[in-house]
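Asker: Any chance you can model this:
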Amino acid sequence: QVQLVESGGGLVQAGGSLRLSCAASGRTDSVIIMGWFRQGPGKEREFVGVIGTSGIPTYYGDSVKGRFTISRDNAKNTVYLQMNNLKPEDTAVYYCAGDPNGSWRSPQDYEYWGQGTQVTVSS
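Answerer: Sure, this is the predicted structure:
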């Protein structure tokens, strides 16, 4: 079992930046593919990005491409989501997820989930 805990969310003005962290504990001896998702009010959970076990490759959803960057520090069992040039439509609860079995774009295929962290972008 792997436990995931997100942190770093908060309130930021449009155009600002935030960095989210996702700390893993438990069976972290097996490094796993990690993804980020978000869910806005009244919306379905949306794929944000994914990172391979060694830090590459990375893939991003179209709505965040060029603004968000995923990285990881396996020595610290932590994955990061750097979010720049934030927009009001980025407002959502952000989740990290681990170990997809199948499509890494599909939330249903991930085995491990954090509790989420709220990001609110004001205009």
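Asker: which SS state does residue 32 fall under?
Answerer: coil (DSSP: H, G, I helix; E, B strand; the rest coil).
Asker: list the contacts for the closest residue to it other than its chain neighbours?
Answerer: Excluding the flanking residues, the one nearest residue 32 by Cβ to Cβ, 6 or more residues apart in numbering is residue 99, at 4.3 Å. From N, CA and C alone the C-beta is placed, and that goes for glycine too. Neighbour list for residue 99: 2, 32, 33, 110, 111, 112 [criterion: Cβ atoms under 8 Å, 6 or more residues apart in numbering].
Asker: same thing but 6 Å
Answerer: By Cβ atoms under 6 Å, 6 or more residues apart in numbering, the contact list for residue 99 reads 32, 111, 112.
Asker: and of the residues you listed, the nearest to residue 12?
Answerer: The closest of these to residue 12 turns out to be residue 112 (Cβ to Cβ; 27.1 Å).
Asker: Quick check: closest non-adjacent residue to the closest one.
Answerer: Distances taken as Cβ to Cβ, 6+ apart place residue 98 nearest to residue 112, at 4.0 Å, with adjacent residues excluded.
Asker: Can you tell me how far the one you found is from residue 7?
Answerer: According to Cβ to Cβ, to the nearest Å, residue 98 stands 16 Å off from residue 7.
Asker: Of the two, which one has the most company?
Answerer: residue 98 (22 against 13; other Cβ atoms under 10 Å).
Asker: Check which helix or strand that one maps to.
Answerer: strand 92-100 (DSSP states H and E).
Asker: Any idea how far that strand is from the middle of the chain?
Answerer: The chain centroid and the centroid of strand 92-100 are separated by 5 Å under Cα atoms, centre = their mean, to the nearest Å.
Asker: Tell me the helix or strand right after that strand.
Answerer: Next helix or strand after strand 92-100 toward the C-terminus (DSSP H and E): strand 110-113.
Asker: List the buried residues of the helix or strand just after that following strand.
Answerer: Sequence-wise, the next helix or strand downstream of strand 110-113 (DSSP H and E) is strand 117-122. Across strand 117-122, burial judged by 16 or more other Cβ atoms under 10 Å covers 117, 119, 121.
Asker: All set, thanks.
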